[in-house]
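J.: Let's see this in three dimensions:
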Amino acid sequence: MLKFYAYTMLVLILIFSSVSEAMTKSQLKQAGKLMRNVCQPKNKVTNEQVDNIKNGEFIDDKNVKCYIACIFTMAQSVKNGKLNYESALKQIEMLMPDSMKEPAKKVLTECKDVSEKYKDLCESSFHTAQCMYKSNPEIFIISFYTPIIIHIEITIKMKVLLGIFGIFFLMCSCYGMSAAQLKKTGIVMKNVCQPKNNVTNDEIKDISKGDFPESRNVKCYIACILQMAQMMKNGKLNYDAASRQIDLMFPDEMKAPVKKSLNECRKVPDKYKDVCEASFQTAKCMYTSDPKNFVFP
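T.: Predicted structure coming up:
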């Protein structure tokens, strides 16, 4: 189950459990596009303003500063408005390619106290980003534009390090993820949608096993996940986009069965005007169609 409204959010929260699951530089960069697609419109910044950041041009503009804060927040790089150093270190170990780990840690260490000087989240994020760029431009570009690890433990409203599925879907087929990675990436989407819809772990923990509680909050949680995955658009199943992303991101052995489920359930949302109800029924349909390959955070 897939793609997410925060296509951009994809921030690579990818909380993978072992180094063997670490992402390549290309995957990290692609993942960054997800976060950008979420934070750019939210903060009303232009392509030029965003692109300038990777060249070390940090415009003294409130929207730009809050765009950076949004990226860090989605990456969960900050906690209570400050850089979450210990968590970021752990995520560097888990997610970054071996060749990048030590330089990334060095950047993180050099800039870990910058945020202490500022009370405003946007301001502290802006100056932390500047510090990271000055310390190592290459590491900054890869980590910020993917936002992968360095920016990872920022707990704020979104908590989405990478819009998990979105991330995967955005990458090219040669970077297809494993089933285990898909499931772990779902944690990111969950961290965004769960608090937003006030659902408990008990309510949603068994959705992937076919347990769909008849609760308004649960239904809207499912809608949030599907929208972030860009599986739903205007309350309807975004079939063409979903099909393309399955081809791009899913393991070969899952592509055909997941596409079959998608096709069988494509008309389900048409029966409902309410997006939460439509999403809920679509998820149930996809589970019923193929429980084995149903993935949901």
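J.: how about the helices in this protein?
T.: For the chain, the helices defined by DSSP state H occupy 25-43, 47-53, 62-74, 85-95, 98-111, 121-135, 137-144, 164-170, 179-196, 201-204, 216-228, 239-249, 252-265, 275-289.
J.: To residue 295, which of the ones you listed lies closest?
T.: Closest to residue 295 of these is helix 179-196 (C-beta to C-beta; 5.5 Å). (C-beta placed from N, C-alpha, C; glycine too.)
J.: pLDDT of the closest one, averaged?
T.: For helix 179-196, mean pLDDT is 71.
J.: Stretch 273-293: which residues count as buried?
T.: Neighbour counts over stretch 273-293 (16 or more other C-beta atoms under 10 Å) mark 275-287, 289-290, 293 as buried.
J.: Can you tell me which of these is nearest residue 211?
T.: Nearest to residue 211 out of those is residue 287 (C-beta to C-beta; 9.4 Å).
J.: Distance-wise, check that closest one relative to residue 252.
T.: Residue 287 is 22 Å from residue 252, where distance means C-beta to C-beta, to the nearest Å.
J.: With residue 120 instead?
T.: Note on residue 120: its distance to residue 252, by C-beta to C-beta, is 47 Å.
J.: what does residue 283 give?
T.: Here the criterion is C-beta to C-beta. By it, residue 283 lies 24 Å from residue 252.
J.: Point out where the stretch 1-150 of the chain drops to low pLDDT.
T.: Flagging of the stretch 1-150 of the chain using pLDDT under 70 yields the residue ranges 1-34, 74-76, 91, 94-95, 141-150.
J.: One more: the stretch 151-297 of the chain?
T.: Using pLDDT under 70, the stretch 151-297 of the chain drops low at 151-185, 188, 248-249.
J.: okay, now the domains of the protein?
T.: Per the record, the chain has its domains at 19-144, 164-293, by automatic domain parsing.
J.: any idea how far the last one is from the chain center?
T.: Shown here is domain 164-293, whose average C-alpha point lies 14 Å from the average C-alpha point of the whole chain (C-alpha atoms, centre = their mean, to the nearest Å).
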